[in-house]
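>>> Whatever this is, show me its structure:
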Amino acid sequence: MIRELNTLLTVARLGTFVAAGNHIGLTQSAVSAQIRTLEHALGTPLFDRSGRKATLNAAGERALPMAEQIVQTFQRLCTPEQVDGYHGSLTLGAIASAQTGMLPAALVRLRAAAPQVETKLVPGVSLDLLSAVDAGEVDLAIMIRPPFAVPKELHVQVLEQEPFVLICPVHVSGDNPLTLLREQPLVRYDRHSFGGRLVSRFLREHKLESRASLELDELDAIVRMVEAGLGVSLIPRAGLWLQAPSRVRVLELGPLTFHRDLVLVMRHAQRQQPLHRLFRECLSDRR
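Below you'll find the model as predicted:
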């Protein structure tokens, strides 16, 4: 029932079942099912369902502070009081941009909080990491949200939304992204990757038939190819290229902007394990 109480708190905070589902990695129907389960257990409705927003009724307002207290108590039960209370190992999967982005700082915080824990990092592309989590070979994985429904045993938590931009060599003039995509060769983000599929959809929606001069998956390598003058590219704002000067022009897409979701994937059954909870806290602490 802790899961249902957590969902109640998320819906109450974000205001709609859709927003809550996007935040915790569930469909709207799954969120609704959890709230119905909770309401059945309590014997009373908790929300006014007459409008589009999820508005707590009187029973929901009464239940909310008690739900917060129960969840906080459960979290304290799961968390060791001393740093040496964390033991064991944690196997983490991560795509390349996460390895050079948010992960190092999170691992520093994890080591400070749990110095006895042995951590193993498994690199890979999103599809392989998803399979590894599903098979139990990896405990948690930072990856791109799949463009399809994940197995119901898996939990998906959105970490960041990364906007796509157009990059082009400095000697190429013009500021209209669609015109540049029509006129210039395309260094293509691998169309088989989750992020590359978003690019393919964008090109399809805008009826762009770009000439692919090269296709690869590594973002920093794509930037180097564009720097060398091999073409333009649509890539997310992620990777080491953002941390150092690069010889490319970066054009925002404005109202055409689309995003890829960077997510943390784990098995539902392991969500409340102390090490899993601790790592998620280390990831969310962006100080």
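>>> contact partners of the lengthiest helix in the chain?
What stands out as the longest helix in the chain, according to DSSP state H, is helix 58-78. For helix 58-78, contacts defined as C-beta atoms under 8 Å, 6 or more residues apart in numbering pick out 2, 5-6, 8-9, 12, 42, 44-47, 56, 272-274, 277. Bear in mind the C-beta positions are built from the backbone N, C-alpha and C, glycine included.
>>> Just to check, Ile24 is in contact with Leu8?
No: at 11.4 Å, Ile24 does not count as touching Leu8 under the criterion of C-beta atoms under 8 Å.
>>> Show me what counts as buried in the longest helix of the chain.
60, 63-64, 67, 70-71 (16 or more other C-beta atoms under 10 Å).
>>> and that helix, how far out from the chain's middle?
26 Å (C-alpha atoms, centre = their mean, to the nearest Å).
>>> Dump the C-alpha coordinates for that helix into CSV.
Extracted C-alpha coordinates of helix 58-78, given in CSV (Å, rounded to 0.1, in the frame of the first residue of the first chain):
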residue,chain,number,x,y,z
ALA,A,58,-12.9,16.3,2.1
ALA,A,59,-11.9,12.7,2.7
GLY,A,60,-8.8,13.2,0.5
GLU,A,61,-7.8,16.4,2.4
ARG,A,62,-8.1,14.5,5.7
ALA,A,63,-6.1,11.5,4.4
LEU,A,64,-3.2,13.5,2.8
PRO,A,65,-1.3,14.5,5.9
MET,A,66,-1.6,11.0,7.4
ALA,A,67,-0.4,9.5,4.1
GLU,A,68,2.6,11.8,4.2
GLN,A,69,3.4,10.7,7.7
ILE,A,70,3.1,7.0,6.9
VAL,A,71,5.3,7.3,3.8
GLN,A,72,7.9,9.3,5.8
THR,A,73,7.9,6.7,8.6
PHE,A,74,8.3,3.9,6.1
GLN,A,75,11.3,5.8,4.5
ARG,A,76,12.9,6.1,7.9
LEU,A,77,12.5,2.3,8.4
CYS,A,78,14.3,1.7,5.1
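>>> tell me which residues of the next helix-or-strand element following that helix are tucked away?
Once the chain leaves helix 58-78, the next helix or strand it forms, by DSSP states H and E, is strand 89-94. Neighbour counts over strand 89-94 (16+ other C-beta under 10 Å) mark 90-94 as buried.
>>> What ranges does the chain have for its helices?
2-14, 17-24, 28-42, 58-78, 96-99, 103-113, 126-134, 177-183, 194-205, 219-227, 274-284.
>>> quick one, which of those is nearest to Pro163?
helix 194-205 (11.0 Å; C-beta to C-beta).
>>> buried sites along the closest one?
Quick answer for helix 194-205 (16+ other C-beta under 10 Å): 194-199, 202-203.
>>> mind giving me TSV with those residues and columns for pLDDT and distance to Arg247?
As requested, those are exported to TSV (pLDDT from 0 to 100; distance: C-beta to C-beta, whole Å):
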residue	pLDDT	distance to Arg247
Phe194	94	28
Gly195	94	23
Gly196	94	24
Arg197	95	28
Leu198	96	25
Val199	96	22
Phe202	97	25
Leu203	96	25
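>>> Would you mind giving those residues as CSV with distance to Val150 added?
Output for the buried residues of helix 194-205, formatted as CSV (distance: C-beta to C-beta, whole Å):
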residue, distance to Val150
Phe194, 12
Gly195, 16
Gly196, 19
Arg197, 15
Leu198, 17
Val199, 21
Phe202, 23
Leu203, 25
